[in-house]
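K.L.:
sequence first, predicted coordinates after that:
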Amino acid sequence: MTPSPTQSRITIDGAQGEGGGQIIRSSLALSAVTGTPIRLENIRAGRKKPGLLRQHLTAVRAAAEVSGASVSGASVSGDQLRSSVLEFTPGTLQGGDFRFAVGTAGSTSLVAQTLLPALASAGESSTVTLTGGTHNPWAPPTDFLQRCYLPQLAKAGPRVDVSLTRHGFYPAGGGEIRLQVQPQTSWSGFELLDCEPTFTPKVTAIVSKLPRGIAERQCDTIRRKSNWENARYEMIEVDEPTGPGNVVMIEIERASVTELFIAHGKVGVKAERVARSLLKQVRAHLGRRVPVGEYLADQLMMPMGLAAAQGHTSAFRSGPLSMHSQTHLAVLKVFLPIEIDVQEDDDVIVRFRPQVA
């Protein structure tokens, strides 16, 4: 898709749907890829701290740099913290070597989510270094990008590798990830409808500036409660940590898709309780017998939508869609000439098709 400077500006109400950062990220990504100018109003109006926070501002500035966009707004809006209105006019997509700092523990993964559709559609390869949070409770960690999302994105065409250079836990941040993007101008459709009966579980517990015993107790709890004889367990102590933090993850690897479930340690909450809560979450997913979990469902919508806009069909099967996902679907329909069919029964099937003339 190439930019069209004559396209009319689309106005997006940032208070609709989940009313948070998802609308910002999806709108910026689609604006950059399609060359459609946008005006975002009521940005994060439903949040306790409305307007652009540092993570969202980084996404705006990063999207502007990779798409040659101009950014403007009214007196208390535009390219600045707490802006409630933003006008984004994209130019030409470009690859290259980029570096963006989110600051604090703002999610590097969510900034990457904004950039990847544009960089994957550019005419040359890119390298992106992002500093900030790599593991915080309100965003998918770098591990999710590596193991779950990017292998699926490759089915649509683009090849992206991500490496974790330095961990950054909430609230200290200070982490760093590096993305290498090989673009693909032609997007392909794919399906994730069947749930293979067999899977390989892996449990990973990470501690930063905390006793290794926390990770050991989390792994031991899951080992005793799950009875997964073929499970792999790994305990990681972060080298040169920037701040304290703990996360435990369970990876469910199937032939066609890998899912990752995450729980973060909290002050005053026992390691065993964190592990049991995570295992409960995984059992609920396994009980649904669907290939795609809640967070991966949200991530799949962008590449499947872009493939549909180029004439290819895609579909996935999941559990009930989150408000994030429903908002994402609404934004995709605004930008792309596609049809989206959501079939809800015991589980949910979402199909993406080219728009019928």
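P.N.:
Looks like it came in fine.

K.L.:
for the nearest residue to G96 once chain neighbours are set aside, give the beta-bridge partners.
P.N.:
Leaving out its chain neighbours, the residue that sits closest to G96 by CB to CB, 6 or more residues apart in numbering is S126, at 5.9 Å. Glycine gets a C-beta too; all of them are placed from N, C-alpha and C. When bridges are called by DSSP bridges, S126 pairs up with G96, V181.

K.L.:
against T89, how distant is S126?
P.N.:
When distance is defined by CB to CB, to the nearest Å, S126 is 21 Å away from T89.

K.L.:
who touches T165 in this structure?
P.N.:
For T165, the residues meeting the contact criterion (CB atoms under 8 Å, 6 or more residues apart in numbering) are T129, G175, E176, I177, R178.

K.L.:
and it, helix, strand or coil?
P.N.:
Local secondary structure at T165 is given as strand here, using DSSP: H, G, I helix; E, B strand; the rest coil.

K.L.:
and it, how far is that from M304?
P.N.:
According to CB to CB, T165 and M304 sit 30 Å apart.

K.L.:
quick one: contacts for V60?
P.N.:
V60 sits next to I24, L28, L52, V71, D79, L86, F88 when contact means CB under 8 Å, 6+ apart.

K.L.:
still on that earlier bit, report the buried members of the contacts of T165.
P.N.:
Listed as buried from those are G175, E176, I177; burial here means 16 or more other CB atoms under 10 Å.

K.L.:
isn't the first one right next to A139, touching?
P.N.:
Which is G175. No - contact criterion CB atoms under 8 Å: G175 and A139 do not qualify, at 11.8 Å.

K.L.:
any common contacting residues for those two?
P.N.:
In the contact map built from CB under 8 Å, 6+ apart, the residues linked to both G175 and A139 are G133.

K.L.:
so N246 is in contact with H264, correct?
P.N.:
Yes - using CB under 8 Å as the test, N246 is close enough to H264 to be in contact (6.8 Å).

K.L.:
which residues are in contact with each of these two?
P.N.:
When contacts are counted by CB under 8 Å, 6+ apart, N246 and H264 are jointly contacted by V274.

K.L.:
which one of those two is surrounded by more residues?
P.N.:
Summary of the neighbour comparison: N246 and H264, criterion other CB atoms under 10 Å, with N246 having more neighbours (25 against 19).
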